[in-house]
Structures are given as structure tokens and as C-alpha cells.
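A.B. asks: Structure of the sequence below:
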Amino acid sequence: MRIVHLCRHATAAEGEPDELRELTPQGVEQARALGRLLATSPDPPAIVLTSPLVRARQTAELLARETGAELRIEPLLAPGAAVDELRRALAGIDGTVATVGHQPDCSEIALAVSGRDPGFPPGGAVRLELSPD
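C.D. replies: Predicted coordinates:
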């Protein structure tokens with residue numbers, strides 16, 4: 001089983017175009033706090049994979065900085081990602097991974113993997129055990 005910290009991007013400003021929305025000051029603090037939490041977890045991530053959208057990338061950059069993890073942009077995690085895209089994104093990667101994505105994708109992935117939706121506020125995360133299938 002692989003450990004995946006499934007994370008939703010932190011709070012972003014409203015606006016258009018959607019893909020260019022940046023984190024708010026509150027979002028920056030949420031992302032830093034999540035990064036500190038992941039860094040002290042029993043299984044901190046070695047890699048952070050992120051959706052290419054600005055708010056997700058900014059969240060992931062802060063997670064990577066706080067955890068010392070490598071950062072990779074992963075187009076498969078863009079809005080609309082499901083568990084199959086997550087599995088493809090993880091192919092060939094060893095160790096614990098944190099992913100940064102969007103809602104409702106995070107809830108749908110968590111439900112598919114664990115049978116429950118823990119809810120994903122901005123900057124929220126859940127630890128999943130994902131089989132390699």
C-alpha cells in the first residue's frame with residue numbers, strides 16, 4: 001500500500017480566469033500550517049504532486065518548502081481528476097506522496113479509496129492508503 005496525503009488547495013481569491021486565481025494571505029497561512037503538519041507526520045511526503053492551476057501550485061510550493069519534499073507539477077491532477085488519474089500520476093513513484101488538487105475531486109477520490117468523504121475545506125487533507133491497482 002502507498003501512503004498518499006490527499007490535499008485540497010488553500011483559500012484562493014475570487015476572479016477570472018479561474019486557472020490564474022492566487023492564494024489569499026489566509027490561504028498562504030493555511031498552506032504553511034498544512035506543510036508543518038505533514039512535516040511532523042509519521043510518514044511525511046518525499047514528493048508533492050500538484051495540479052497545474054496557480055492556487056494549487058502555490059499551495060504545493062509551500063507544502064514542499066515546509067516538508068523538504070520534491071515538487072512536481074502533474075497535469076493529471078487538474079480539475080476533474082478522479083482516482084484513475086491519481087493512480088496514473090503516482091505510477092513509477094516510490095514512497096509517500098502528497099497531492100494538491102481541487103474539490104469536488106478530493107472528496108470523490110477519498111470516497112472511492114476509503115468509502116468515506118472526510119470533507120475538504122480549503123487547505124484540508126486526508127491520509128489515504130492506496131493500493132497500486
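
A.B. asks: What segments of the protein are strands?
C.D. replies: 2-8, 47-50, 70-73, 97-101, 125-130 (DSSP state E).

A.B. asks: and the first one, what does it pack onto?
C.D. replies: On a contact count with 3 or more C-beta pairs under 8 Å, 6 or more residues apart in numbering; DSSP states H and E, strand 2-8 meets helix 83-90, strand 97-101, helix 105-114, strand 125-130. (Each C-beta comes from the backbone N, C-alpha and C, glycine too.)

A.B. asks: tell me which strands and helices the third one is in contact with?
C.D. replies: Packing contacts for helix 105-114, counted by 3+ C-beta pairs under 8 Å, 6+ apart, involve strand 2-8, helix 83-90, strand 125-130.

A.B. asks: go on, the second one?
C.D. replies: The contact analysis (3+ C-beta pairs under 8 Å, 6+ apart) places strand 97-101 against strand 2-8, strand 47-50, helix 54-67, helix 83-90.

A.B. asks: on that earlier part again, could the helices and strands packed on helix 105-114 be laid out in JSON lines, adding mean neighbour count, distance to residue 113 and mean pLDDT?
C.D. replies: Formatted as JSON lines, these follow (neighbours: other C-beta atoms under 10 Å; distance: least, C-beta to C-beta, whole Å; pLDDT from 0 to 100):
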{"stretch": "strand 2-8", "mean neighbour count": "23", "distance to residue 113": "8", "mean pLDDT": "97"}
{"stretch": "helix 83-90", "mean neighbour count": "18", "distance to residue 113": "6", "mean pLDDT": "96"}
{"stretch": "strand 125-130", "mean neighbour count": "18", "distance to residue 113": "5", "mean pLDDT": "96"}
